[in-house]
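Q: Based on what follows, work out the 3D shape:
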Amino acid sequence: MTRVGNPPLKADPPDDTEPDEPEPEGKGPLRRCLATRETLPKEAMIRFVVGPDGAVVPDIAGRLPGRGMWLKADVAALELALKKGSFARAAKASVKIPPELPATLRWLLTERVADLLGMARRAGAAVAGFQKVQEWLQAGRVGVLLEATDGSVAERARLVGRAELPVVVALSRERMGQAFGREAAVHVAVAPGRLADAIRQEASRLMGITPAD
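A: Numbers count the residues shown, from 1 in each chain. Just a heads-up that it's a prediction; the model follows:
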């Protein structure tokens with residue numbers, strides 16, 4: 001697939017004219033899904049804006065200028081929004097919906113998770129391979145465990161065992177391997193911390209908008 005990122009818009013601050021929903025104690029800002037009308041934390045949603053050409057653009061990092069349109073990170077919500085014309089209604093204008101929008105959205109989130117994983121590896125906060133991951137698990141050094149989407153389910157179960165920790169199944173063995181400069185990686189462990197939290201959050205959004213096999 002041709003790599004299509006966010007268009008080069010001005011780096012002005014986002015203009016979300018809709019006020020935040022009231023925040024429950026201890027929670028961050030909330031937004032309303034344009035398709036399901038659910039009110040959810042921003043971290044569980046995806047922001048979209050309308051580009052200069054009138055096309056709907058995913059704003060994965062939430063930094064592009066323009067009025068934000070928020071969608072629950074869920075494949076059913078995306079399908080519903082496209083079917084009902086929810087983006088045009090939220091934008092209060094006619095908009096273009098690129099036919100490759102769902103694929104572009106998944107690619108952007110895949111790259112975001114992979115980039116974060118690469119950062120963790122360079123910081124010495126991630127290891128790959130069954131043996132190394134097992135050692136980290138035994139030492140209690142794992143904040144999040146990443147398992148390849150095309151890896152062995154039986155081997156995954158043998159590795160995780162009864163460990164109670166977040167397990168992410170979002171990237172292929174090839175894409176995880178690229179983050180470690182190798183052909184493939186099936187098992188990856190990331191140490192607790194901000195990077196592990198960010199990977200878990202972004203992977204959750206990716207898995208949410210990925211259709212089930």
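
Q: which residues of the protein fall in helices?
A: Using DSSP state H, the helices of the chain run over residues 75-84, 86-91, 101-122, 130-138, 153-160, 173-179, 194-208.

Q: just checking, what packs against the first one?
A: Going back to what we said before, that points to helix 75-84. Applying 3 or more CB pairs under 8 Å, 6 or more residues apart in numbering; DSSP states H and E, we find helix 75-84 packed against strand 69-72, helix 101-122. For the C-beta atoms, the positions are set from N, CA and C on the backbone; glycine is no exception.

Q: any idea of the angle it forms with helix 194-208?
A: Angle of helix 75-84 versus helix 194-208, following axes from the mean of the first three to the mean of the last three CA atoms, to 10 degrees, is 50 degrees.

Q: Helix 75-84: which residues count as buried?
A: Under the neighbour-count criterion of 16 or more other CB atoms under 10 Å, helix 75-84 has Val75, Ala77, Leu78, Leu80, Ala81, Leu82 buried.

Q: Can you lay out the residues you listed as JSON lines showing pLDDT?
A: Below are these laid out as JSON lines (pLDDT from 0 to 100):
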{"residue": "Val75", "pLDDT": "96"}
{"residue": "Ala77", "pLDDT": "97"}
{"residue": "Leu78", "pLDDT": "96"}
{"residue": "Leu80", "pLDDT": "96"}
{"residue": "Ala81", "pLDDT": "97"}
{"residue": "Leu82", "pLDDT": "95"}
